[in-house]
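Peer 1: Coordinates for the following, if possible.
(2 chains)
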Amino acid sequence: MSSANGCPGGCPVPRELTPPSPLSFPPTVTSEQIEHLHRRFKQLSRDQLTIRKENFDSIPDLEFNPIRGKIVHAFFDKRNLRQESDGLADEINFEDFLTIMSYFRPIEMNMDEEQLDRFRKEKLKFLFHMYDSDHDGKITLQEYRNVVEELLSGNPHLEKESARSIADGAMMEAASICGPDQVYEGITFEDFLKMWQGIDIETKMHVRFLNMDTIAHCY
Amino acid sequence: QTEPLHTVAPVILSVNWSVSHQIYLDLLWWSSFHLYHKLPSIVPESCLLILVGLLLGGIIFGAEEKSPPVMNSDVFFLYLLPPIVLDAGYFMPTRLFFENFGTIFWYAVVGTLWNAIGIGISLYGICQISAFGLTDITLLQNLLFGSLISAVDPVAVLAVFENIHVNEQLYILVFGESLLNDAITVVLYNLFKSFCQMRTIKVIDIFAGIANFFIVGIGGVLIGILLGFVAAFTTRFTHKIRVIEPLFVFLYSYLSYITAEMFHLSGIMAITACAMTMNKYVEENVSQKSYTTIKYFMKMLSSVSETLIFIFMGVSTVGKNHEWNWAFVSFTLLFCLIWRALGVFVLTQIINVFRTIPLTFKDQFIIAYGGLRGAICFSLVFLLPPAVFPRKKLFITAVIVVIFFTVFIQGITIRPLVEFLDVKRSNKKQPAVSEEIYNRFFDHVKTGIEDVCGHWGHNFWRDKFKKFDNKYLRRLLIRENQPKSSIVSLYKKLEIKHAIEMAESGMISKVPSSVSLSDYHEGKIKPLSPTEMENMREILTKNLYQIRHRTMSYNRHSLAADANEKQAKEILIRRRHSLRESLRKTNSLSRERPAAANTKRFLSLPKNTKLPEKLRVRNKTSSKVGDSSDSEMDATTTVLNLRPRAGKILRDQRLRQQRPPPDFRVEWKNEVDGSQGGRGEPQEPSALPQPSIGFRQPLLTRPRFGTLSREDMTADHGSARPTPPPRLVRQASQGERQRNKPENQPY
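Peer 2: Numbers count the residues shown, from 1 in each chain, chains lettered A, B, ... in the order given. Sure, this is the predicted structure:
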C-alpha cells in the first residue's frame, strides 16, 4: 500500500487508525479497508486533502436518496467527528472520513458485552444526531416531522398533513414507551435507546467494507 | 341394487372406517389439546400427535391383529406435504431470507451432502463388522440410507421452533435450510437408488448426478417463479370474480408442485418459489376478503396436514414391518447426531469468513440441535423398493427411531436449552409506525453510506431489484399500480384499525362538537346510528383494502386522498388528538395539568359510563409543540382530578418512588365517594399490565398519590377543576392503607 502516491503533502494514513476518543470506542479499521476508503476519498475530493459538501454532489446514486441532505450533513456534524465543539465543520479530511465510516463497522467476534454495548450506543448516537438537527440533544416533534417529510419526499403528491400526522402518530408511540413528556420536550438519547431496544442495531448497521471495489462513480 | 358394501369390500370399508375414525378422533383430540395452555409450551405438538397416533395404532393392531394402514407415500407427497410447504413459503419473511441466502444455501447444499456421505460411509464401516450381522448391506445402500436420513424436515422444524421464538435470524437459517435441502435429498436419493439398481457405475454417472442436482434445484425454482408470475398475472383480471380468487392461489401453487414433480424436479422448491413470488403481487390484486380467505384457508390446510402426518407416523410405527438390530439402530442415531454437529461446526467456521455478522457458538448449537428429522425421511424409506433392499425393514426401524428421538427428545429439550443458553429471542410486538420510520430511515442511511463508499452491498442489489420491479414487473402484474410508501400505508392501516376499534366500542359517538381542527367541518360530528356505523365500517374497510398492501419502496406516483378518506381521516385525527391529550394529562406534575388514565382503559369501560362533558384544558406553553390543534378540548378522556399542588405532589412522588407499587384493582365509581375524602384520589396506573393496543405503560413508574387530607382539599378547592362523575378510584381498602402511611401526611 503506497499511500505516498497522489497524496500531496502526505496524508496521515497509519496502519491502524484509532481516532482519539474519550469514550475509547475502538473503531479499528484494518489496513485494506483504509486503503479502499482512501482511494474513495481521493475520488470524492478530486485529490484534494479535504472534502466539502459540494463534493458529495458528484455521487449520482445519492441523488435518489430522500434523506440525502441528512446523510451529507452527518459527515460534517462535529458531534460525529468526536470533536468537543458543536456545529458543522466546513470540510473534513481523511481522518474524519474514516471516523464517520467507523460507525458502520460490523461487530467482531471478540467483543465482550461492554464493548458491544458501547458499540451499539455509538451507532445509535450517530443516528440520533441525524434526527436531531438543531443539536440540542433532543428530538422534538418538529424535527421528527422534518424527518418523516424528508423520508416521504420522494412522493410529491403526498399531503403535508399526512406526513405530519404520521410523525405525530410515531411520536405518540414514542410517548407510550418513554413517557408522555417526551412528546413535548423531545426525545432524549436515553429514550431513543429504549425505542431501539428491540432492534438489533449492531448487526444491521454495518457496511461491508471487505469486498469493496471503488467504482468510479464520480466521473 | 348393489349388494351391501360390507359383503363386497370388507377390507376397504374397514380401512376407510379406521382411517376416517382416526382422523375424527385426532382432530377432536387436537382441538381439545389446545384448550390446555401449558401443554404446548412444554411438549411440542408433534410429540403429542405421534403419541396419539401410536395409541390408535396400538388399538387397531390389537383389535384386528394386523398392521394398521400405513401412511401411503403417495398420499404424503401428493396431498399432505404441499400445503405445509405452501404455508411456509407464503408467510416466509423474504427480506430476511434473502439477506441470509448465502448461508442458508451453504448449509442446505454442502451440509446435507456432508451429512449424507458421512453417515453413509460410517454406517458402511459399521456394517463391515461381522459381529453385527449387517454385512449384506452394500455401500450404495448405506449411502442411500444416509441421504434419506440426513434430510432436515421442515414440518418437524416448524412444529418445534414455533413455540420457542428464537430470534429471526436463527429461525430463518434452520427453516430455510430445511426447505432448501429437499433438492439435495431428492437428487441424492434418486441417484443412489438408480445406482443401486445399475450393474456398473461409471464416472460419468457421478458427474451426471451432480449436474442433476443443479437441474433439479434450479429447475424447480424456475417453474415456481414462472407459475407465480402467471398466478399474479391472472389475478390482475379477477376483480369481477372475486369469489374464486383464492382458488387461483391454491391451484397455481399446487400446479407448480405437481409440474415440478412430473419432471422429476424438486417440487418443494417449486412450491416455495411460487408462494414467495405470488405473495408479493397477488396480495395487491385480490380483495381484502380474498386475502383473508387465502390466509386462513392456507393455515387450516397446513395444520390439518401436519396433524395427519404426525398421527399417521405414530400409527405406522405399530405393526409388523420392523426389524430390530441394536447395532444398526444405535449407530445410526449416533452418527446422525455426530455428523450434524460436526457439519454445522465446520461449515460455520467457513461461512463466518464471508458473513459480516458471524454466528456464535450458541447459534451453531441451536442450528445443530434444530436439525430434526421428520415425515420426509419416513416416507422416503417406505418408498424403497424391497427387491433391491432386502433389509428394508431394518431401515424403517432405524428411521423411526431417529425420528422419534429427534422429535421427542430434541423437541422437548430445545426450549429449556434455548432458555439456558440465553439465546436471543425475538420479541413479537405490534408493528409500530415509529419502527417503520426508523427502519426506512435506516435503510436509506445505509444505502447512502454505501453509495458514498462506492460499494455495492446488499442494499445495492435490493435497490436495483426494486427499481426493476417497479418499472416492469409491477406494471405488468398488478392491476391498479399505485405503489405507496410503506410508512404511509402502515400508518393508515394502524390508525384505521384503531378507528374501527373505537367505532365498535361506541366511543365515537361521544366526541363533542367543540373539537376544533383545521379543515374539518364540525357538522360531521354527530352520534352515529348503527346503520351509519355500518357504513363507516364499510368505508373504512374499503380504504383499508386499498392501502393494505405494503410495498418496499416509496414512489413518485400520486397519492390523492379521496373523499371517503376524509371521514376516516377525521376519525383518525380525532382519535390521535384525544390520545395525545390523554397522554399529556398524565402526570407531569410540575406542569399542573390534570392527569388522565391511559386511553386503553376507556375501551374497557362499561358502556354506561358517563364521560365528562367537557374539560378545561390548560394550554401547555412550555411545550415545543406549537400546534394550534393541541389546544382543543377533549372529552374522550376521563380526567382524574389532580390537586394542582405541584410541589407537594412532587415530594410525594419522590418518596413513593422507592416502594414498588402494589397491585391494585381499579374500579369505576359513578359518583363521588365521600368516604374516600372527596376528590382526593388521583392515581396513576403504574402497575397495570400492558394494554393490547400497542401503547405501553410508561417505563418509569409513575407513583400513585396518596390520599389527601381534608385541609389540603379545601384549601385548593377553589382552584380545582370540575370533577367528572366517573373517576378512577382505588379500592377502599387500599385507599385506607395509603392514607395511613406516614409519607402521606401532608406537609
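Peer 1: Show me where chain A has its helices.
Peer 2: A:31-45, A:68-76, A:94-102, A:113-131, A:141-151, A:160-178, A:181-185, A:189-195, A:201-204 (DSSP state H).
Peer 1: With distance to residue B:467, mean neighbour count and mean pLDDT as extra columns, can I get those helices in TSV?
Peer 2: Backbone N, C-alpha and C define where each C-beta goes, glycine included. As requested, the helices of chain A are exported to TSV (distance: least, Cβ to Cβ, whole Å; neighbours: other Cβ atoms under 10 Å in any protein chain shown; pLDDT from 0 to 100):
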stretch	distance to residue B:467	mean neighbour count	mean pLDDT
helix A:31-45	23	20	77
helix A:68-76	17	20	79
helix A:94-102	26	21	80
helix A:113-131	25	17	81
helix A:141-151	18	21	80
helix A:160-178	24	22	74
helix A:181-185	37	23	63
helix A:189-195	31	17	77
helix A:201-204	22	18	65
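Peer 1: JSON lines for those, including distance to chain B?
Peer 2: Shown next, in JSON lines, are the helices of chain A (distance: least, Cβ to the nearest Cβ, whole Å):
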{"stretch": "helix A:31-45", "distance to chain B": "5"}
{"stretch": "helix A:68-76", "distance to chain B": "4"}
{"stretch": "helix A:94-102", "distance to chain B": "7"}
{"stretch": "helix A:113-131", "distance to chain B": "7"}
{"stretch": "helix A:141-151", "distance to chain B": "5"}
{"stretch": "helix A:160-178", "distance to chain B": "4"}
{"stretch": "helix A:181-185", "distance to chain B": "4"}
{"stretch": "helix A:189-195", "distance to chain B": "7"}
{"stretch": "helix A:201-204", "distance to chain B": "5"}
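Peer 1: Isn't residue B:81 up against residue B:268?
Peer 2: Yes - using Cβ atoms under 8 Å, residue B:81 and residue B:268 qualify as a contacting pair, with a distance of 7.4 Å.
Peer 1: per-residue pLDDT, residue B:502?
Peer 2: For residue B:502, the model assigns a pLDDT of 69.
Peer 1: ditto for the one 10 residues further on
Peer 2: pLDDT, residue B:512: 33.
Peer 1: go on, residue B:79?
Peer 2: At residue B:79, pLDDT is 86.
Peer 1: tell me the secondary structure for the closest residue to it other than its chain neighbours?
Peer 2: Take residue B:79 and drop its neighbours on the chain: the residue closest to it by Cβ to Cβ, 6 or more residues apart in numbering or on different chains is residue B:305, 7.6 Å away. Using DSSP: H, G, I helix; E, B strand; the rest coil, the structure places residue B:305 in helix.
Peer 1: Roughly how far does residue B:305 sit from chain A?
Peer 2: From residue B:305 across to chain A, the span is 33 Å (Cβ to the nearest Cβ, to the nearest Å).
Peer 1: I'd assumed residue B:86 was in contact with that residue.
Peer 2: No - counting by Cβ under 8 Å, residue B:305 does not reach residue B:86; the two are 9.7 Å apart.
Peer 1: And the two? Which one has more around it.
Peer 2: residue B:86 (26 against 22; other Cβ atoms under 10 Å in any protein chain shown).
Peer 1: May I ask you to confirm that residue B:387 belongs to a helix?
Peer 2: No - read with three-state DSSP, residue B:387 is coil and lies in no helix.
Peer 1: Can you tell me the closest non-neighbouring residue to residue B:144?
Peer 2: residue B:192 (3.8 Å).
Peer 1: Let me see the contact set for residue B:105.
Peer 2: The contact partners of residue B:105, taken as Cβ atoms under 8 Å, 6 or more residues apart in numbering or on different chains, are residue B:180.
Peer 1: for it, helix, strand, or coil?
Peer 2: helix.
Peer 1: Tell me the spacing between it and chain A.
Peer 2: With Cβ to the nearest Cβ as the criterion, residue B:105 and chain A are 18 Å apart.
Peer 1: Give me the pLDDT value at the residue nearest to residue B:79.
Peer 2: At residue B:305, pLDDT is 85.
Peer 1: Now do the contacts for it.
Peer 2: B:79, B:80, B:81, B:83, B:84 are the contacts of residue B:305 under Cβ under 8 Å, 6+ apart.
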